[in-house]
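**Q** Fold the following and give me the result.
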Amino acid sequence: MSALAQESQRGAEQQAMVRLFGMIGWALLAAALSQVVEIGGPWAAAVPWLLAYVLISAVLWMWARRGGSVWVGPVLLDPLLVLGIHFVSWSEDPTGPAYFALSQFLIAALFAMLFLDTRIFLASTLVGALCGQVILWFAHAALGGHIGEGLIFVLFALVGRYVILRFLSVADALARERVAIGSLERYFSPAVARRILDQGGAPEASSTEVTILFVDVRGFTAMSELLEPSEVVAFLNELHTRLVGKVFEYGGTLDKFMGDGALIYFGAPVAQADHATRGVRCALAMFDEVRQLNQERQTQGHPAIGLGIGVHTGEVLVGNIGPEQRREFTIIGDAVNVASRIEGLTKPLGTPVLVTEATRRKASSDLVWEAMPEMEIRGRSEPVRLWRPAEAE
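**A** All right, here's what the predicted structure looks like:
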């Protein structure tokens, strides 16, 4: 059952419950007023009708709670009840009771709005208007009374239909927005996801300078050979959850997971002047998070794992890339390859975090660096100057 159908069913249950307790209250009031000598006659005549309708209301309520359609209540039974009570309690001056009955028809139609179905609402309003015309006829109302009643019900129907459609439109928009935010928050922090949505969605591909983190888990292959598949999945879920938490904390974007590794970047899709600083601090935060995770794992008898993080700043193509059937928001470019190869150097150089000169130049002056040997990497004609943040020890 769709969310709208579920909400409509809840509305039907609420309408049925209001009818039941309303009828009980009305029956008790009629029974009490029937004891008043001056006005008791008409009320006494209405009591049997009300008691019978209390039983009908109870049946409708139980039927609604079991998921049954109870449109027959607001469309037929409620207006006919008011019509019947009006005639059995006919007074010498029918004008006042006639207009009181008209208000009851409008209330019945109002409760029909809880179904969130314009057909049920309009049917209830139409039946109420017709019953109202019958009452006004027997009350010898003037032509103006008939016309006025008709205009009131037409206006009520138009406004009620607009309210229902407007509510459904807003509910649909909110549902779509919730789905869109949920999809965006898989890759972006909640704040960034909201900004992207406010801007009309992720932008098309364009060239942008970003800081890239290429992350790989050391010792994962050896560890996974000792664990059951379900344990491997549980470990990866916990590790990824912790790492992504740090990425979002610093306003980064998770491009993708690649097995036990991840591709992360800062500076897009929302521009960040300090993207280099954010990237380095995020790398250090992830290193600390894994160190804390190892302490927890060692108390449980599990082997420790390590991280290798390569950090590089450069121009990339960022945006929605790929065929229409499989388009995704990602980055491509030489800078991504450089970050990947820098990560591959973390193990031979004995450090968890390696940062290129391009990133160090743009990062905050508050960071402390330790120079590492220049290294040649595939695809570059000259050696790349590398640095290690002093905290990554």
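**Q** biggest helix in this structure by residues?
**A** For the chain, the longest helix by residue count, based on DSSP state H, is helix 143-184.
**Q** Tell me which residues touch Ile309, please.
**A** Leu213, Phe214, Val215, Asp216, Ala283, Met286, Phe287, Glu343, Thr346, Pro352, Val353, Leu354 (CB atoms under 8 Å, 6 or more residues apart in numbering). (C-beta placed from N, C-alpha, C; glycine too.)
**Q** Hmm, the third one is touching Phe257, no?
**A** It refers to Val215. No - if you go by CB atoms under 8 Å, Val215 and Phe257 don't touch, sitting 9.3 Å apart.
**Q** where do the helices sit along this structure?
**A** Under DSSP H, the chain gives helices at 3-33, 40-65, 72, 78-88, 95-112, 118-138, 143-184, 190-198, 220-224, 229-249, 275-299, 334-344, 346-349, 357-362.
**Q** hang on, Met223 packs against Ile305?
**A** Yes - Met223 is within contact range of Ile305, at 6.4 Å (criterion: CB under 8 Å).
**Q** related to what we said a few turns ago, please name every helix or strand in contact with the longest helix of the chain.
**A** helix 3-33, helix 95-112, helix 118-138, helix 190-198 (3 or more CB pairs under 8 Å, 6 or more residues apart in numbering; DSSP states H and E).
**Q** Figure out which of those helices is closest to Pro323.
**A** helix 190-198 (21.6 Å; CB to CB).
**Q** average pLDDT for that closest one?
**A** If you average the pLDDT over helix 190-198, you get 67.
**Q** on that earlier part again, for the helices and strands packed on helix 143-184, give me a markdown table that also has mean neighbour count and distance to Ile56.
**A** Putting these into a markdown table (neighbours: other CB atoms under 10 Å; distance: least, CB to CB, whole Å) gives the following:
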| stretch | mean neighbour count | distance to Ile56 |
| --- | --- | --- |
| helix 3-33 | 17 | 8 |
| helix 95-112 | 19 | 14 |
| helix 118-138 | 20 | 16 |
| helix 190-198 | 15 | 49 |
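**Q** Can you flag the weakest of the ones you listed by average pLDDT?
**A** Averaging pLDDT over each of the helices and strands packed on helix 143-184 puts helix 190-198 lowest, since it has a mean of 67.
**Q** that older thread, how far off helix 3-33 does the longest helix of the chain point, in degrees?
**A** Angle of helix 143-184 versus helix 3-33, following axes from the mean of the first three to the mean of the last three CA atoms, to 10 degrees, is 140 degrees.
**Q** burial of Phe167, as a residue count?
**A** 13 (other CB atoms under 10 Å).
**Q** Could you tell me which ranges of this protein sit under the pLDDT cut-off?
**A** 1-4, 37-42, 68-77, 81-97, 180-204, 324-327, 392-393 (pLDDT under 70).
**Q** Tell me which residues touch the nearest residue to Glu376 once chain neighbours are set aside, please.
**A** Sequence neighbours aside, Pro383 is the residue nearest to Glu376 in space, at 5.0 Å (criterion: CB to CB, 6 or more residues apart in numbering). Shown in contact with Pro383 (CB under 8 Å, 6+ apart): Glu374, Met375, Glu376.
**Q** Could you pull out the buried residues of the top strand by length along the chain?
**A** When the chain is parsed with DSSP state E, its longest strand is strand 306-321. Buried residues in strand 306-321, counted by 16 or more other CB atoms under 10 Å: Gly306, Leu307, Gly308, Ile309, Gly310, Val311, His312, Thr313, Gly314, Val316, Val318, Gly319.
**Q** Kindly report the same for stretch 136-149.
**A** Buried-residue list, stretch 136-149, by 16+ other CB under 10 Å: Leu136, Ala139, Ala141, Gly145, Glu149.
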